[in-house]
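In: Sequence first, predicted model second:
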Amino acid sequence: MYIVKNRSIYDIVETILEVSQAPVIKSAIQRSTGLNWKYLNEHVVILVEKGLLDEVTFENKLYYVTSEKGQDFLELKKEMKNYIEIEIENSKKFMAR
């Protein structure tokens, strides 16, 4: 299941990169992201151009897999989420005083 509304570009990129941890075809990425074909293609092209996603051909099929740079992006996004969650908790504690 996926949530389409109110996602940032970073959330969409994160979903694409997470789904592509192992080689997948584009339709599998589409099912996981809920993006229409036009927007999916735009995102995939950009991610390949920026080096976050690699294209791999196997038995005449094109697959996508998260690159090392894409893995780095996922790790940084995870760290940012954790940092923000800690700051929100700290703010709640401060406001509760």
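Out: Now that the structure is in, tell me what you want to look at.
In: where does the chain dip in pLDDT?
Out: Judged against pLDDT under 70, the low-scoring parts of the chain cover residues 1-5, 97.
In: Spell out, range by range, the helices that occur in it.
Out: Chain-ordered helices for the chain, with DSSP state H as the definition, fall at 9-19, 26-33, 37-49, 68-95.
In: Out of those helices, which is closest to Asn60?
Out: Put simply, out of these the one that sits nearest Asn60 is helix 26-33, at 14.5 Å, with distance taken as Cβ to Cβ. Bear in mind the C-beta positions are built from the backbone N, C-alpha and C, glycine included.
In: how about the helices of the chain in TSV, adding distance to Leu62 and mean neighbour count?
Out: Shown next, in TSV, are these (distance: least, Cβ to Cβ, whole Å; neighbours: other Cβ atoms under 10 Å):
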stretch	distance to Leu62	mean neighbour count
helix 9-19	15	17
helix 26-33	7	16
helix 37-49	10	14
helix 68-95	17	11
